Structures are given as structure tokens and as C-alpha cells.
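**Q** Quick one, structure for this:
(chains A and B)
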Protein chains: 2
Amino acid sequence: MDLKQQMRQLAEQSRDAARALAKLDTDAKNALLRAMADGIEHAANRIKAANAKDLAAGKEAGLSAAMLDRLTLTDKRIAEMARGIREVAALSDPVGKTISEWTRPNGIRIRKVRVPIGVILIIYESRPNVTADAACLCFKAGNAVILRGGSEAIHSNLAIAEVMNVPGLPTHSITVVPTTDRAAIDALLKLDEFINLCIPRGGESLIRAVAEKSRIPVIKHYKGVCHVFVDHDADLDMAEKIVINAKCQRPAVCNAIETLLVDEKIADKFLPRIGKALADKKVELRGDAATRQLVPIAKPATEDDWYAEYLDLILAVRVVNGVGEAIDHITKYGSNHSDAIVTKNKSTADRFLHEVDSSSVFWNASTRLADGAQYGFGAEIGISTDKLHARGPMGLEELTSYKFVVIGDGQLRE
Amino acid sequence: MDLKQQMRQLAEQSRDAARALAKLDTDAKNALLRAMADGIEHAANRIKAANAKDLAAGKEAGLSAAMLDRLTLTDKRIAEMARGIREVAALSDPVGKTISEWTRPNGIRIRKVRVPIGVILIIYESRPNVTADAACLCFKAGNAVILRGGSEAIHSNLAIAEVMNVPGLPTHSITVVPTTDRAAIDALLKLDEFINLCIPRGGESLIRAVAEKSRIPVIKHYKGVCHVFVDHDADLDMAEKIVINAKCQRPAVCNAIETLLVDEKIADKFLPRIGKALADKKVELRGDAATRQLVPIAKPATEDDWYAEYLDLILAVRVVNGVGEAIDHITKYGSNHSDAIVTKNKSTADRFLHEVDSSSVFWNASTRLADGAQYGFGAEIGISTDKLHARGPMGLEELTSYKFVVIGDGQLRE
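**A** The predicted structure follows:
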């Protein structure tokens, strides 16, 4: 059997599993999730042995210390995976929930009710704990999942999936693609007949490659070029705290800011103090001419800097002529992810919140709050900057579709 | 400028129009819609003159009488277009509506609010009234629209769009692709940078071609292979009425049934009477062996008949062993569109409604009710059998996305 046939069979088996999964009730799913968590804990040594193979191969292949660290499964990380699964078991089940319900003049009763999506393909990079996290979220929402992690984590991922396929789980509910051949991804991305959704998680180049090739609907975000705009009506103490938090609290993530926009009316008051505060936090500044006059340590920003997702302690800074120019900047250079305004003026804030076309818009709060857990979703499978199906942080509800259930007593179309 | 550049420019202009449209409030949009309706009425002669060019070319090209009829714009059809636009003006505006709203323990207030999708590409076949219908629905939901109708209707479509671009409407809000070159579609379908959604409407081959080539998310249904299952606990008078309505009321549409499944326990009672009733309506029957024993006029059904979307007065008929076999048949041969059960038994109905994975499932009602107007959406842009974003009849809400608006007083990520 060649690779294409093998992937087709795998996807078809997942589709059959999805049909079986759709029949499970919440209690059955939660019991299986708790069994998975127990299984992960009991099999810690087996998982670590598989992980050791990946680590040995990774060292051989010259992976960086940071990459090897991401790849490593310690007892603590394994315990965290089990805890994560138990937390998902405790979340409310979206499947079967009524989204809305109404009766028509002819007497038919219509109920729009959540159902699983079917088969979800997750493509991700090195960290093997994603295998457990993604699999249990997809499963809780009644979906079968096909997992394709980084090739450097293949043994760890296969071991985790093996343990999660507990007795009583419909076969092929959780499948790790058993080959590191990249052609397997290309083959899977054509199988829209069996796979309903693809969620790629990782760097921009991985996600672009998936989006380009896929015939399956893809939910994604390429990058997070997030902004804070400090309006002339801002509380400058609050603005300083928000900028520092949004840039420094965890600079390597997508909802950290990359550009600070400062209203020219308060630039001379705000820029020197925020420049010093950021320098104290070891943030490299890249400013336009107006910024550099007030913050001499800032390097010159080029056009590329306004588009850049540094994911590092670097911040582009620009002085703008009010909220209108701030919105224009974000519209041109932003990535529609998460953007914030700091102001005491409600009408300025309302204009920003209305006109900035991003998945999350903030008034007087840090962009770092754009996150499933922070929004109260309990868990997050990813963040979408797309406009279809799901936008912003995606929780369990975003892993469901719906159907219309129509109940009558003989109604016909007139 | 070559065709690709031309399509890129067109799409970019639509994206800019979408940004302007997103700022219009409901009153402004409704006033523009009423102006469009007036414009259509006042320009009736101009539209008919453009339509006459298409009809002359169509006769020359040897279009069938049925196709020429679909292409023809009479005063009555033009008045209907104007009425349709006024009805859309009267519908509730989904944009700006709060979907849900909550406060987190740290005090941030989160509002999930409907926003326009952006730019929508509609690809459709001959009927020029679709130009007005689709354009006004997309516009009401705050979207720019790119319309690509059948090449045989190009003059009619351009004339309608010209009239709908009323004074005060942001330029390029409503664009008919000004060429009949098929390569224009291929070029547009790659422009996911500017176009957010593609809705193809027409025959299965058109839709498959679009889905295959598109890098833009596509919402679609390929076909409607819909079923009625008559359970042994059915009220047979009701069953007869539903089967006749679902098959005969308008056989050429996607929510008409193509296959009747009859529980073997009542086959000898129900099949002879429904066979006669259908024959009276000139329906050709194609049955399995058990059906043909009870309905001798039925022709033999082949495997292909179970997959067929006849869109005509033809019905495949099969005797099944209870609701389980009915569900299995629908799962194997159906198109996940609309399927009905007729029964007095609630637990049998519940099993059917739960396990049949179709966008609409009916208990004691005709599948012909699967329709935006019947569901109370006021209008319908299409029907989706996909699982992402929209499923079943799509109204104005399905032409929107959402954003998270987060309001705080200085909250940070801890």
C-alpha cells in the first residue's frame, strides 16, 4: 500500500470513528477522559522511554538546547498532561446544547443544536504535550482527531496516543500519523471527503504551507502583530503598565505587542518615561523620527519593522496624529489579532473598538489577555484570525458544528 | 494590465469598499437599499435593453427554451427584484448585535459582537435576478460583494450592478466581474488575501470546480439526496402526504426527496397505496426487490439510484429493517442535506434525529421546509452541507463574523 492509500485508509478509519463518537453521551466521554489521564500517569515510564529515543535522535541531529528542552517530557510535564485531561473532563460538554429554538407560524418547532464537526486534523511542531492537549479537546467535543506533530517527537507522540486509546474508546478516535514522511501531510490535506477541519499550530511558514495545499477548511493565524495605542486622554500610569505587560510578560507569544503607537499630543510626556521603563526591561526600541527625538536610545525603524512579529524583547514605536492615524496604521500593518487602546475618552475608545478589524480589541487592558483561559473558555485549541467559523481564542464550542432539528405534526411546504 | 492583475485590483478595491461599508450604520444601509430598489424600478427599460442583448446572443448560441426563460427579465421579474431588495431593507441588521457578554473574575467585560465578514465572492449560473438578491443580502450584512454570474447573462448582470451602485454607496461595494473569461474565476479564487468567503451556487460540477481550485474558504452544498423514512409506527395518512409533498411539490430543488425508505413491518400496507399515489402524480418509481413485489410498476433500482439526485419526478424506493437500517442507508448514500422520519414513536424519532448527520433533520414534516424563509430567516443566500461556519439554510447572520470587544480598567496578564 503506498503512502496515499495508507493516508486515505487512516482518514476513512477516523471518519468511521467520528460516527461512533457522535453517539457517546457526556458521562461516557468524561469517564474515558479520566481513564486517559490515569493511563498517562501509569505509563509515565513508557512515555519517557519513547521520549528518550526522540531526545537521542534530536541530539544526534544537532537540535538546539531550546528545541531539546521543548521536546523533553519530565515527570512534571507528564503529570501536567494528565491534569490537563482531567480539566477537560470537568468542562461543560458543548455537544447536544441548544443554541436557539423557535416555533414557526405553521407550528413546526426548530431547534439549532450543537453537534461534533467530525474529523479534525491537527498539524503542529515540536512539543509532545500538544498531542494530549489537542486530542482530549477534540474528543470532548465528539470529534475524531488525526495528529501530525513534529518528526523529532514521533516516538513520544505515538506513545502518548497509544496510552490515550483506552479500552472502550471507539478505535481510531485518536490517531498519530505513523510516519515522518512529509508527503503524508500533502496526502491528508487533499482528503476533504473524510476530514472536516484542519488546525495548523506553529510558525508562519508551516501554517502558510498548510493553507496553500489544503482542500480541507483551515482555521489559523499566521502571526500576531499586535499594537497598543496610547491616546492623549490616557491615564499614563495605566498606559505604562499595559505596555510593559503586553510587551514583556511573555514576549515570545502571539498576543504580545510588537508596535507601540503614541498620540503626538502626549508624546513628549509619555515617550521618555515609557522609553526608560522598557529599557530597564531590556527591550530594544525601534522608533520613527519623532520617537527618536524623545527617546534617543531608539534605533531607526524601517518599513519592515511595522510589519514585524519579533516574538522577542524588541518594540517598534511610532508617534501618530490621534486615533484615526492609529487605526490606519493598524489596518495597514496589523495582523487582525489583538489590539488595544488606552484612553479615558469613551467616544475615542468606541471608534477604535469599532473600526479596528481584529479578532480581539481591548480598551484599557493588556493584549496578553487574548486567550481562551483568560476569556473563561476553560481551554484553548488555538487562536484564529480568520473570519469564518471561529475568530479569536477557540474553545470547545468552536470544535462543534450544528444541525437544525425540526419537529412537526405533518407540516408540508405550501 | 493582464487578467490576473485586473482581478487583483478588483479584489483590492472590494477590500477597501468592505472597510468603508463596515462603518455604515443600519439606517444608512437601509436608505441605500431602498434607493437601490427605486433605481431598479426606474431603470427597468435599461435593464431590459441589456437583457435583450443577452437573449439575442443566447438564441444565436442555441440555448434551450428553458435556459432562455431563466435568462429573461420581464417587468414582473424586475419588480420582484426591487421588492426583494425592499424586504431585505426591512430585515433586522445582524451587524453590531451582541452574541454573548460576560465579566471575568479580574473585572474585564467581554462582548462577542457580530461584524461583517469582509469581501464575499458569489459564483452562480444563469438567472440574473440572483445578482440583485445576493448583492443586497451581502450589503445588508456590511460586506462588499464580487459577483460572477453565467457568461450568458453578463450584460444583464452588469446593468443591474450599475443601477445598484447608487449615490452614497462606497465605490466598489457591488462589483460584477466585467469579463466572461473563465480564467478570471481561477485568478479570483487565489486571492485569499482580499476575499474572505466564496459561495458558489449552481450545479454540482460548478461547485466541485470552485471547491477544488479555491484558496478562499468555500461554503457550499454539492447536492441534495434527501430521504423520507416511514417507520412502522407512522401515521400512514400523514406519511403519504409528506412523501407526496417532499417529492412532487417542486421536484427540481435540492430539498426534494430522492429516496423513500419504508419499514418492512408496514411495507405491505404502505407501499401499494403510496405507489398508486405517486403514479397518479406521474412519478417514476425505482425499487429494490421487496418494493417491486408490492409495487409491480416500479423499475429495478441499481446501486447508482441510491446515490442519485434526480431533480425530477423519479423516486428510488427501498424496504428497510427498521430505523437502524434506515440510518445506515442515509449515512452511506445521503448527502447530509435534509432527511425526515415519519413516526408516532418518540424514542424512534429521537434516535433518527440524533444519528442522522444532516444539516436539517425532520420528524413528521416535509424536507421541503428546509429553507431560509421557512425557518424564518427572512432571506436565504444558500444552503450549506458543510460543517464549518454555516450549516443548513444561510441567512443574514451567516454572512457575518464576530469579534471580541474587551473593556477593562487597567487589567494585565498575571
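**Q** Count residues in the vicinity of A:Arg182, would you?
**A** 10 (other CB atoms under 10 Å in any protein chain shown). For the C-beta atoms, the positions are set from N, CA and C on the backbone; glycine is no exception.
**Q** Show the contacting residues for it.
**A** With contacts defined as CB atoms under 8 Å, 6 or more residues apart in numbering or on different chains, A:Arg182 has no neighbours.
**Q** of all the residues in the stretch 201-350 of chain A, which ones are close to chain B?
**A** Residues of the stretch 201-350 of chain A that fall close to chain B, judged by CB under 8 Å from any CB of the partner chain: A:211-212, A:215, A:217, A:219, A:235, A:238, A:241-242, A:245, A:249-250, A:331.
**Q** ok, 7 Å please
**A** A:217, A:238, A:241-242, A:245, A:249 (CB under 7 Å from any CB of the partner chain).
**Q** And those residues, which of them are buried?
**A** Neighbour-count burial (16 or more other CB atoms under 10 Å in any protein chain shown) applied to those gives A:217, A:238, A:241-242, A:245.
**Q** For the stretch 51-200 of chain A, which residues are neighbours of chain B?
**A** So the stretch 51-200 of chain A meets chain B at A:102, A:104, A:108, A:110, A:117-118, A:196-197 (CB under 7 Å from any CB).
**Q** that older thread, sitting in helices, which of the buried ones among the residues of the stretch 201-350 of chain A next to chain B do you find?
**A** A:238, A:241-242, A:245 (DSSP state H).
**Q** Could I get these in a markdown table, plus columns for distance to B:Leu63 and pLDDT?
**A** A markdown table is the format used below for these (distance: CB to CB, whole Å; pLDDT from 0 to 100):
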| residue | distance to B:Leu63 | pLDDT |
| --- | --- | --- |
| A:Met238 | 68 | 98 |
| A:Lys241 | 69 | 98 |
| A:Ile242 | 64 | 98 |
| A:Asn245 | 66 | 98 |
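**Q** quick revisit: out of the residues of the stretch 51-200 of chain A next to chain B, which are buried?
**A** For these, buried by 16+ other CB under 10 Å: A:108, A:110, A:117-118, A:196-197.
**Q** so is the closest residue to A:Ala20 other than its chain neighbours in a helix, a strand, or just coil?
**A** Distances taken as CB to CB, 6 or more residues apart in numbering or on different chains place A:Pro170 nearest to A:Ala20, at 3.6 Å, with adjacent residues excluded. The assignment at A:Pro170 comes out as coil when based on DSSP: H, G, I helix; E, B strand; the rest coil.
**Q** my read: A:Pro170 touches A:Ala22, true?
**A** No: using CB atoms under 7 Å, A:Pro170 is not in contact with A:Ala22; the gap is 9.8 Å.
**Q** Domain parsing of chain A, as residue ranges.
**A** The record's domain parsing of chain A by automatic domain parsing lists A:3-220+A:393-405, A:226-374.
**Q** mind putting those domains in TSV, distance to B:Val88 included?
**A** Formatted as TSV, those follow (distance: least, CB to CB, whole Å):
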stretch	distance to B:Val88
domain A:3-220+A:393-405	20
domain A:226-374	23
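**Q** need the ones in helices among the buried ones among the residues of the stretch 201-350 of chain A next to chain B in TSV with distance to B:Ile327, can you?
**A** Below are these laid out as TSV (distance: CB to CB, whole Å):
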residue	distance to B:Ile327
A:Met238	59
A:Lys241	58
A:Ile242	55
A:Asn245	53
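**Q** Quick check: the farthest pair among the residues you listed?
**A** Within those, A:Met238 and A:Asn245 form the most distant pair, 10.6 Å apart (CB to CB).
**Q** remind me, longest strand of chain A?
**A** strand A:400-411 (DSSP state E).
**Q** Report the rounded mean pLDDT for it.
**A** Strand A:400-411 shows a mean pLDDT of 98.
**Q** May I ask which helix or strand encompasses A:Thr348?
**A** In this assignment (DSSP states H and E), A:Thr348 forms part of helix A:346-355.
**Q** tell me what that helix is packed against?
**A** When contacts are defined as 3 or more CB pairs under 7 Å, 6 or more residues apart in numbering or on different chains; DSSP states H and E, helix A:346-355 sits against helix A:322-333, strand A:360-365.
**Q** Single out the most deeply packed of these.
**A** Mean neighbour count (mean count of other CB atoms under 10 Å in any protein chain shown) peaks for strand A:360-365 among the helices and strands packed on helix A:346-355, with a mean of 26.
**Q** hmm, that one in reach of chain B?
**A** Yes: Strand A:360-365 reaches chain B (CB under 7 Å from any CB) through A:360-365.
**Q** Show me which pair in the residues you listed is furthest apart.
**A** It's A:Ser360 and A:Asn364 that sit farthest apart of the residues of strand A:360-365 next to chain B, by CB to CB, at 13.7 Å.
**Q** For the residue nearest to A:Ala20, give its distance to A:Ala11.
**A** To A:Ala11, A:Pro170 is 15 Å away according to CB to CB, to the nearest Å.
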